[in-house]
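S.K.: sequence first, predicted coordinates after that:
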Amino acid sequence: PISSWSFHMRHLAALVPFALLAGLALPAYAGTISIDGRGEVAAAPDMAMISSGVTTQGVTAREALDANTAAMTDLIATLKEFGIEARDIQTSGFSVNPNYVYSDARDANGYSLPPKINGYQVSNSVTVAVRDLETLGEILDKSVTVGANTIDGVTFSVADPADLY
């Protein structure tokens, strides 16, 4: 009888965690209110963000940088001519990288020769807030004319979304 009782207690003890989990898994519905909702707001954009910039090449890093600085100076002056304030022109990226030339030539042991630097590339990008959408097309056109050779995109938004809520 003791071994039978011990056997039943072991089985009962093994089932207790499952019984507790079953009790926890059941939600308590009494006195509970559950509400789900979804809202959507649509509005015509009143501003645009342009991601644009200049990429230049040069034999030396200094030559590429000087060319980039001159082109970016022209681009920023053009943006300001359209009434874009300095606070709405933010640098968003800048890099100086070597240009490598790879060769199929091999050394005496049959290994590939290392690449050689064949010049440098400088990239400078800005994010520009255009608050007068009527001028957007003209700004993009004039930007390319003065040297912006990288336009990564235009996104439209609402300047103050708080007014929509």
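M.R.: Received, thanks. Since we're looking at a predicted model, the values are computed, not measured.
S.K.: so residue 155, which of the three states?
M.R.: Three-state secondary structure (criterion: DSSP: H, G, I helix; E, B strand; the rest coil) places residue 155 in strand.
S.K.: ditto for residue 52
M.R.: In terms of secondary structure, residue 52 is strand; the call rests on three-state DSSP.
S.K.: any low-confidence regions in the chain?
M.R.: Within the chain, the ranges that satisfy pLDDT under 70 run 1-30.
S.K.: what ranges does it have for its strands?
M.R.: Using DSSP state E, the strands found in the chain span residues 47-58, 89-101, 116-130, 150-157.
S.K.: just say which of these is most tucked in.
M.R.: Scoring the strands of the chain by mean neighbour count under mean count of other C-beta atoms under 10 Å gives strand 47-58 as the most buried, with a mean of 20. C-betas here are computed from N, CA, C, even on glycine.
S.K.: now that one against strand 150-157, angle please.
M.R.: Taking axes from the mean of the first three to the mean of the last three C-alpha atoms, to 10 degrees, strand 47-58 and strand 150-157 form an angle of 170 degrees between their directions.
S.K.: can you give the distance of strand 47-58 from its chain's centre?
M.R.: Taking the mean C-alpha point of strand 47-58 and that of its whole chain, the gap between them comes to 15 Å (C-alpha atoms, centre = their mean, to the nearest Å).
S.K.: also stretch 153-162?
M.R.: The gap between the average C-alpha position of stretch 153-162 and the chain average comes to 16 Å, counting by C-alpha atoms, centre = their mean.
S.K.: give me the residue at the spatial middle of this structure.
M.R.: Relative to the mean C-alpha position of the chain, the nearest C-alpha, by C-alpha atoms, centre = their mean, is the one of residue 92, at 10.5 Å.
S.K.: ok, that one touching residue 127?
M.R.: Yes - applying C-beta atoms under 8 Å as the test, residue 92 and residue 127 come out as touching, 4.4 Å apart.
S.K.: what do those two both touch?
M.R.: Shared between the contact lists of residue 92 and residue 127 (criterion: C-beta atoms under 8 Å, 6 or more residues apart in numbering) are residues residue 51.
S.K.: who are the contact partners of residue 40?
M.R.: Counting by C-beta under 8 Å, 6+ apart, residue 40 touches no other residue.
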